[in-house]
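*Asks:* Turn this into a structure:
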Amino acid sequence: MKRLLGAFAFDQQRLTIRSGGRELSAVYVRASDDAPVFLICHGIGEQVEYWSGVQELLKAMGISSLVFNYSGYGASSGRVSVTHCEEDAIAAYWELKDRGHRYIFLLGFSLGSGVVLAVTPAIEVEGVILCQGYSTLREAALAMGFRRWMTYAMPDVWHNLRRLNEITTPVLVVHSDGDQLFPVDMAKRVHEACGLKGELIIVSGFAHDGPVYFPTEAYWRPVVEWSARTSSTMAAVQLPTGD
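*Replies:* Residues are numbered from 1 along each chain as shown. You can find the predicted model right below:
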């Protein structure tokens, strides 16, 4: 965490987003005026500063990005709740719309995969990207070490398999075969639930949080390329090539 905070590169790109009566800390990195943008809903225990390396890499590949702290996370006010997380994501979406972005993709990482699928029916986006996500919140809790009886005591929210049956938006599922928290078989079930609207990319060697803490093109370029293929309006976007 000390290394990530020390490498934070976007202090001038910080902003505050209003969500209800709460204030959300966020970082907005603009690649160009007409660039597509990824609205990032991060994982549990993360802060916007941890995403600096990813945002820097996305900018180099021609993608703008906005990552925000949920209510009660980092410098964001309020308290953590399912409702607040969803309201916060929608508030961040309207921040991007107000800034003139036409091509918005929702990107949910780990915990955030449940958040983005919950809000997708309420907004218009080009596509949904689920990175290192889970099938249901209860199954995620079981994978994290909670006893089974405890998971059934949880509210049945962020049921990603069920949500995927309710949306028509194109979906990309990205998962590492090295994820020791949520197994790759979970990602395959999520992909199956997508039906024809889904695509699955399995990458090798990354631990669960590796794509955030040690971002590389091996993980993120396929995501960017998928976003360029997703709609006819995006097909003309010229992605910078690697060395």
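*Asks:* Report the helix or strand with the lowest average pLDDT across the protein.
*Replies:* helix 148-152 (a mean of 64; mean pLDDT, DSSP states H and E).
*Asks:* contacting residues for P215?
*Replies:* Residues near P215 by Cβ atoms under 8 Å, 6 or more residues apart in numbering: G53, V54, L57. C-betas here are computed from N, CA, C, even on glycine.
*Asks:* residue contacts, the last one?
*Replies:* Which is L57. Contacts of L57 by Cβ under 8 Å, 6+ apart are P215, T216, E217, W220.
*Asks:* What does the pLDDT read for it?
*Replies:* Note for L57: predicted pLDDT of 96.
*Asks:* and the gap between it and S65?
*Replies:* L57 sits 10 Å away from S65, going by Cβ to Cβ, to the nearest Å.
*Asks:* Equivalent analysis for I202, please.
*Replies:* 23 Å.
*Asks:* So if I had to pick from those two, which one is more boxed in?
*Replies:* S65 (27 against 13; other Cβ atoms under 10 Å).
*Asks:* thought the more buried one was touching V37?
*Replies:* Yes: using Cβ atoms under 8 Å, S65 is in contact with V37, at 6.3 Å.
*Asks:* which of the contacts of P215 lies closest to A228?
*Replies:* Nearest to A228 among the contacts of P215, counting by Cβ to Cβ, is L57 at 15.5 Å.
*Asks:* May I ask which helix or strand encompasses that closest one?
*Replies:* helix 52-60 (DSSP states H and E).
*Asks:* Give the next helix or strand downstream of the helix or strand where E192 lies.
*Replies:* If you go by DSSP H and E, E192 is part of helix 184-194. Next helix or strand after helix 184-194 toward the C-terminus (DSSP H and E): strand 198-203.
*Asks:* Run through the neighbouring helices and strands of that following strand.
*Replies:* Packing contacts for strand 198-203, counted by 3 or more Cβ pairs under 8 Å, 6 or more residues apart in numbering; DSSP states H and E, involve strand 171-176, helix 184-194, helix 217-229.
*Asks:* Give me the pLDDT value at the spatially most central residue of the chain.
*Replies:* Nearest to the mean C-alpha position of the chain, by Cα atoms, centre = their mean, lies G108 at 2.3 Å. On pLDDT, G108 comes in at 98.
*Asks:* ok so, going back, closest one of the contacts of P215 to L172?
*Replies:* Taking Cβ to Cβ as the measure, L172 sits nearest to V54 out of these, at 15.7 Å.
*Asks:* Low-confidence ranges, this protein, go.
*Replies:* 1-3, 5-6, 141, 144-153, 231-243 (pLDDT under 70).
*Asks:* can you do 90?
*Replies:* 1-12, 33-34, 45, 102, 136-158, 166, 230-243 (pLDDT under 90).
*Asks:* any chance you could map the strands in it?
*Replies:* Per DSSP state E, the chain carries strands over the ranges 14-19, 22-29, 37-41, 64-68, 104-109, 127-131, 171-176, 198-203.
*Asks:* quick revisit: tell me the spatial nearest neighbour of the residue nearest to the centre of the chain, not counting adjacent residues.
*Replies:* In this structure, G108 finds its nearest non-sequential neighbour in V116, 3.6 Å apart by Cβ to Cβ, 6 or more residues apart in numbering.
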